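Enquirer: Sequence first, then the predicted structure:
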Amino acid sequence: MAAWLLVIVAGLLETGFAVCLKLSHGFTRLWPTVAFCAFALGSFGLLTLALRRLDVGPAYAVWTGIGAAGTAIYGMVFLGDVVSVLKLVSITLVIVGVMGLQLSGGAH
């Protein structure tokens with residue numbers, strides 16, 4: 001269970017590094033660039049630790065799913081990204097797909 005918690009936190013950090021990547025404007029702004037580096041190192045580090053105990057497929061799917069859905073939601077709520085029914089349905093499908101992979105068996 002602790003390994004899955006690491007994946008979840010790593011996925012949230014992935015959301016952070018994706019948002020900071022946008023805010024860095026091509027690495028031309030110092031603090032968003034520094035935050036991007038910190039979030040990226042934390043995210044990859046926690047995922048690496050989790051992969052010691054989890055199968056790579058489901059763990060990677062959960063990590064990227066949280067990052068993708070979290071980034072899309074953050075963009076819509078805080079960055080003025082367009083909100084549409086199709087986008088919301090697609091985010092839901094990503095989450096459902098990730099849950100399906102996780103439920104298919106991810107620990108060894």
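Expert: It's in. As the structure is a computational prediction, the values presented were derived from the model and not from experiment.

Enquirer: what helices or strands is the helix or strand hosting V96 leaning on?
Expert: Using DSSP states H and E, V96 falls within helix 85-103. The contact analysis (3 or more CB pairs under 8 Å, 6 or more residues apart in numbering; DSSP states H and E) places helix 85-103 against helix 56-78. (Glycine included, C-beta is placed from N, CA and C.)

Enquirer: can you pull the contacts of G80?
Expert: By CB atoms under 8 Å, 6 or more residues apart in numbering, no residues touch G80.

Enquirer: Please enumerate residues in contact with the least confident helix or strand in the chain by mean pLDDT?
Expert: One helix or strand of the chain scores below all others by mean pLDDT, DSSP states H and E: helix 85-103, with a mean of 91. With contact meaning CB under 8 Å, 6+ apart, helix 85-103 is reached by W4, G57, P58, A61, V62, G65, I66, A68, A69, A72, I73, M76.

Enquirer: Swap in 7 Å and give it another go.
Expert: Defining contact as CB atoms under 7 Å, 6 or more residues apart in numbering, one finds that helix 85-103 is touched by G57, P58, A61, V62, G65, A68, A69, A72, I73.

Enquirer: burial of I91, as a residue count?
Expert: 18 (other CB atoms under 10 Å).

Enquirer: for the residue most central in space within the chain, what are its contacts?
Expert: A centroid search over the chain (CA atoms, centre = their mean) returns G67, at 1.7 Å, as the residue closest to the centre. Each residue near G67 by CB under 7 Å, 6+ apart is listed here: G11, E14, T15, A18.
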